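Enquirer: sequence-free structure coming up:
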């Protein structure tokens, strides 16, 4: 069986113009909306980066404050932490008090 297609009906110029106008407006809206969202996202990203930098500085300050003067690292999460050295350092004052 063969299907025969009917000829396309002529579309009104007003309808054709309306379709193209709607397409153009949609593309323009999308472009402007994307630009607005990008600016807002850049602000949020900058704020998060500043917050992360502040947190990193606070973390470094805390590690520096919790490191003894003789170079002993007491923070277990710090890269130079050695549990054996910490235990030895904490046992020395106790041994000195017991000797008195």
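Expert: Thanks, I have the structure now. Keep in mind it's a predicted model, so treat the numbers as computed, not measured.
Enquirer: Quick check: mean pLDDT of stretch 82-93?
Expert: In this model, stretch 82-93 has an average pLDDT of 82.
Enquirer: Next: stretch 7-26.
Expert: On average, stretch 7-26 scores 93.
Enquirer: Can you pull the phi/psi pair for residue 79?
Expert: phi -60, psi -30 (degrees, to the nearest 10).
Enquirer: Give me the neighbour count for residue 78.
Expert: Other residues lying near residue 78 total 14 when counted by other Cβ atoms under 10 Å. All C-beta spots, glycine's among them, are computed from the backbone N, C-alpha and C.
Enquirer: Same question for residue 63.
Expert: With other Cβ under 10 Å as criterion, residue 63 counts 17.
Enquirer: Residue 59 too?
Expert: Neighbours of residue 59 under the rule other Cβ under 10 Å: 13.
Enquirer: now the helix or strand that contains it: how far from the chain's centre is it?
Expert: Remark: residue 59 resides in helix 13-65, with elements defined by DSSP states H and E. Here the centre of helix 13-65 is set off from its chain's centre by 13 Å, with Cα atoms, centre = their mean, to the nearest Å.
Enquirer: Equivalent analysis for stretch 71-90, please.
Expert: With Cα atoms, centre = their mean, you get 32 Å for stretch 71-90.
Enquirer: Buried residues, that stretch. List them.
Expert: 73, 75, 86 (16 or more other Cβ atoms under 10 Å).
Enquirer: Show the end-to-end separation of that stretch, please.
Expert: By Cα to Cα, to the nearest Å, the extent of stretch 71-90 from end to end equals 14 Å.
Enquirer: And residue 23, how far from residue 78?
Expert: To residue 78, residue 23 is 60 Å away according to Cβ to Cβ, to the nearest Å.
Enquirer: next one: residue 92
Expert: 21 Å.
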